[in-house]
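> Provide a 3D model corresponding to the input given below.
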Amino acid sequence: MTVSSSVYFNVLFFHLAHELGGFICAFNSGHCFRYCLTHHRDMKNIYKESQTLIRTAASHDLQVKQVQNVHADKSMYGISEISVLSNLPSFHPITSLPPDIMHDILEGIMPKLTSCLLHTIVSTRLCSAVQICQRINTFTYGTNDKRNRPPVFKEKDIF
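Now for the predicted structure:
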């Protein structure tokens, strides 16, 4: 299996942001997300923001204090320590660290945005769903991209 350098960069950047924010860097136990308190075992069943408890700056500060007093609570909150950047003016780990590109953009908003765009193209009759599916499914991928070809695109995928 080959992994591109951009994947390594994204993984390293994600770990670095977690570490700088004082968050636990293990993503297979406890509450491993910076922006919500979803447990790792529940993440495959969460589809909407309203289904989880959002981590705020205030709740994070309380959780940091709890972790400082009870070290065993680190995995419960996904926090290992106070952020090393906490002394910087106007910095807070919840509001100042950049989001994770892979999860938030590529797996988050981008599929939704693409779906809305395709739906709008079809509903305004700029192009038919059949035409879009045909173009996507017959696209010629280069040598390096063939193994990453998406599954067959169907009309129902647009609606």
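> domain parsing for this structure?
5-98, 105-157 (automatic domain parsing).
> the first one: how far from the chain's middle?
Computed by Cα atoms, centre = their mean, to the nearest Å, the separation of domain 5-98 from the middle of its chain amounts to 13 Å.
> over to stretch 115-129?
26 Å.
> for it, which outside residues touch it?
Stretch 115-129 is contacted from outside by I132, E155, I158, F159, using Cβ atoms under 8 Å, 6 or more residues apart in numbering. The way it works is simple: take the backbone N, C-alpha and C, and place the C-beta from them, glycine included.
> tabulate the residues you listed (TSV), appending secondary structure, pLDDT and neighbour count.
What follows is the contacts of stretch 115-129, written out as TSV (DSSP: H, G, I helix; E, B strand; the rest coil; pLDDT from 0 to 100; neighbours: other Cβ atoms under 10 Å):
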residue	secondary structure	pLDDT	neighbour count
I132	helix	90	18
E155	helix	86	12
I158	coil	78	21
F159	coil	72	11
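> may I ask which two of these are separated the most?
Farthest apart among the contacts of stretch 115-129 by Cβ to Cβ are I132 and F159. That separation is 11.3 Å.
> would you mind finding the most buried of the domains of the chain?
Most buried of these by mean neighbour count (mean count of other Cβ atoms under 10 Å) is domain 5-98; its value is a mean of 15.
> from G78, how far off is P111?
Distance of P111 to G78, given as Cβ to Cβ, to the nearest Å: 25 Å.
> returning to what we had before: pick out the shakiest of the domains of the chain, pLDDT-wise.
Sorting the domains of the chain by mean pLDDT places domain 5-98 lowest, at a mean of 81.
> nearest residue to V152 other than its sequence neighbours?
N137 (5.8 Å; Cβ to Cβ, 6 or more residues apart in numbering).
> report the separation between that neighbour and Q63.
Look at N137 and Q63: by Cβ to Cβ, they are 48 Å apart.
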